[in-house]
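Undergrad: fold the following, please.
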Amino acid sequence: MADAQEEAGADPRAQFVRALIRRSIETKEKLMAQHAGQVVAMADICLEALCKGGKLLLCGNGGSAADAQHLAAEMLVRLKPDVNRDGVAAIALALDSSSMTACGNDYSFEVYFERMTRVLGRRGDVLIALTTSGRSPNIIKALQAARGMGMTTLGLLGDQGGPALAECDMALVVPSSETGRVQEAHMVVGHALVELIEDGLLARGAVRRC
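TA: Below is the predicted model of the structure:
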C-alpha cells in the first residue's frame, strides 16, 4: 500500500489534483476570514423578504445555473435530512427549457433572465445572481430589471466582481479568478445561506416543522 501511495505521489496528475484541492482550500479559508459576516447579512435580507411574503429568484449560466437550481431545490424541499419543514419560496430561473429556447429564438438569450425576472418577480422579492466573472450580459440585465422593480439584488460573484458588482445591493466576491474554485466557494456560501434561512424561518415560526 505504501509503495502504491508513493507511486501515486510521483504521478504528476496526482500532484495536479493536490494542487487544485490546495487552491480550493485556500480560497475557502480567505472566504471564511473575510466574508462570514457578509453571508449572515445576506441570509438576513432573504429572511426578511420571505417573512414578508416575498420569494427568492436565482439565476446563473452553465455550472452556475446548476448551482442556482441546486440551492432552490434545497429551499423548496429541504437541505438537512433531519429537518422536515414547509417549503421555502425559491425559483431557479433557468428551469424551463421551452421558455428559454423560445426567448433565445424569438428575441435573444441575453434578455431571458430579465424577462423571467419581470414576469415572476415582485417588489420585495430577492434576486440572487451567480456569476463567476460578473460579466454575463443576461445576468446584468436581470439585476438591473430587479432593482428597477424594487427587488433586492444579491450577487455571488468571482474575480473582481465585474460589471455585475455595481448592480448588486450586496455582493460576495470570491477571492479567486479560477472558475472552478469560484463555483466551489459559491456552493459553500449557498449551503450556509440555506441553513441560516432554514434555521431563521423555523425560529420565527414562519415555516412549520412537519
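
Undergrad: what packs against the longest helix anywhere in the chain?
TA: Looking across the chain with DSSP state H, the single longest helix is helix 12-51. Counting contacts by 3 or more CB pairs under 8 Å, 6 or more residues apart in numbering; DSSP states H and E, helix 12-51 is packed against strand 56-60, strand 126-130, strand 152-157, strand 170-173, helix 179-204. Glycine gets a C-beta too; all of them are placed from N, C-alpha and C.

Undergrad: how about 10 Å then?
TA: helix 2-10, strand 56-60, strand 126-130, strand 152-157, strand 170-173, helix 179-204 (3 or more CB pairs under 10 Å, 6 or more residues apart in numbering; DSSP states H and E).

Undergrad: the fifth one pairs with which strands, and in what direction?
TA: Each strand paired with strand 170-173, and its direction, by DSSP bridges: strand 152-157 (parallel).

Undergrad: the partner strand vs strand 126-130, what angle?
TA: On the basis of axes from the mean of the first three to the mean of the last three CA atoms, to 10 degrees, strand 152-157 is oriented at 10 degrees to strand 126-130.

Undergrad: buried sites along strand 152-157?
TA: Neighbour-count burial for strand 152-157, with 16 or more other CB atoms under 10 Å as criterion, is recorded at 152-157.

Undergrad: quick one on the thing from earlier: distance to Arg23 added to the helices and strands packed on helix 12-51, as TSV?
TA: Formatted as TSV, these follow (distance: least, CB to CB, whole Å):
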stretch	distance to Arg23
helix 2-10	18
strand 56-60	22
strand 126-130	20
strand 152-157	18
strand 170-173	17
helix 179-204	6
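
Undergrad: right, and these - which one's nearest Ala41?
TA: With CB to CB as the measure, strand 170-173 is the member of the helices and strands packed on helix 12-51 nearest Ala41 (6.6 Å).

Undergrad: using CSV, write out the CA atom coordinates for that closest one.
TA: Output in CSV follows, covering the C-alpha atoms of strand 170-173 (Å, rounded to 0.1, in the frame of the first residue of the first chain):
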residue,chain,number,x,y,z
MET,A,170,-24.9,43.3,-1.7
ALA,A,171,-22.4,41.0,-3.3
LEU,A,172,-19.9,38.5,-2.1
VAL,A,173,-16.9,38.4,-4.4
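
Undergrad: got the buried residues for that strand?
TA: 171-173.

Undergrad: what sits opposite Leu57 in the beta ladder?
TA: Ile91, Leu127.

Undergrad: isn't it right up against Leu130?
TA: No: judged on CB atoms under 10 Å, Leu57 makes no contact with Leu130 at a distance of 11.6 Å.

Undergrad: which residues sit in contact with Asp199?
TA: 43, 47, 80, 83 (CB atoms under 10 Å, 6 or more residues apart in numbering).

Undergrad: report how many residues lie close to the residue nearest to the second one when sequence neighbours are not counted.
TA: In space, and not counting its chain neighbours, Leu47 is closest to Gly200: 4.5 Å by CB to CB, 6 or more residues apart in numbering. Using other CB atoms under 10 Å, Gly200 is surrounded by 18 other residues.
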